[in-house]
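[1] here is my input; please provide its structure:
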Amino acid sequence: MFFDASSESALPHAGQPHTGQPFADPFDLTGDDARTRINRLLVENLVREGVQDLDAPHLVVCTDLEDGTVSFQGPYADALTAVLAAEAESGDIAPDISGLRFTVAPLLPPRPLD
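    Numbers count the residues shown, from 1 in each chain. Reported below is the predicted structural model:
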C-alpha cells in the first residue's frame, strides 16, 4: 500500500478545515500561549521524574497523629512494593489503633554536609 499525501485521512487533522495559520512553534515561549506551554512543559517534566522515581527504593512512613511519633519501615525495592507493605501494615494495625497515617516516600540519597 502506498502513502497518499493528498488523502484527507493522511492529514494530521483530517476533516477539519485548514485555517491558513502556521502551526505554533512548541519552543516559542512568548505570546498569548506562553503560560500554557510553560505549564505543560513543567507538568511533563514533573510526571517524567515522578515515573522514574517509582523504580527507586521507597520507605513506609507511619505517623501517629496524636503524639507526632514517626516510624519508618524499609527500604523496599520500589514504590509498588512499599505501597503493598503499607496497605498490609495499616490493615494489621490500624483497625486496633486509630490515629495512624501510613504514607510511602522515596528513599533519597543523603545530602552532603556543608
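[2] give me the pLDDT for Ser90.
    With respect to pLDDT, Ser90 has a value of 82.
[3] what helix or strand is it located in?
    helix 79-93 (DSSP states H and E).
[4] for the chain, what spans make up the strands?
    58-64, 70-76, 100-106 (DSSP state E).
[5] could these go into CSV alongside distance to Leu42 and mean neighbour count?
    For every residue, glycine as well, the C-beta is placed using N, CA and C. Below are these laid out as CSV (distance: least, CB to CB, whole Å; neighbours: other CB atoms under 10 Å):
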stretch, distance to Leu42, mean neighbour count
strand 58-64, 24, 19
strand 70-76, 29, 14
strand 100-106, 20, 16
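[6] to Gln52, which of those lies closest?
    Closest approach to Gln52 among these is made by strand 100-106 (10.0 Å; CB to CB).
[7] that closest one versus strand 70-76: what angle between them?
    40 degrees (axes from the mean of the first three to the mean of the last three CA atoms, to 10 degrees).
[8] for strand 100-106, packing partners?
    strand 58-64, helix 79-93 (3 or more CB pairs under 8 Å, 6 or more residues apart in numbering; DSSP states H and E).
[9] pLDDT score for Phe72?
    On the pLDDT scale, Phe72 gets 95.
[10] excluding its backbone neighbours, what's nearest it?
    Leu59 (5.0 Å; CB to CB, 6 or more residues apart in numbering).
[11] is it true that the one you found touches Asp78?
    No. Using CB atoms under 8 Å, Leu59 is not in contact with Asp78, being 11.6 Å away.
[12] distance to Gly50 for the strands of the chain - can I get that in JSON lines?
    JSON lines is the format used below for the strands of the chain (distance: least, CB to CB, whole Å):
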{"stretch": "strand 58-64", "distance to Gly50": "12"}
{"stretch": "strand 70-76", "distance to Gly50": "17"}
{"stretch": "strand 100-106", "distance to Gly50": "10"}
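[13] figure out which of those strands is closest to Glu49.
    It's strand 100-106; of the strands of the chain, that one is closest to Glu49 (CB to CB) at 10.5 Å.
[14] now the angle from that closest one to strand 58-64?
    Going by the same axes, to 10 degrees, strand 100-106 makes 150 degrees with strand 58-64.
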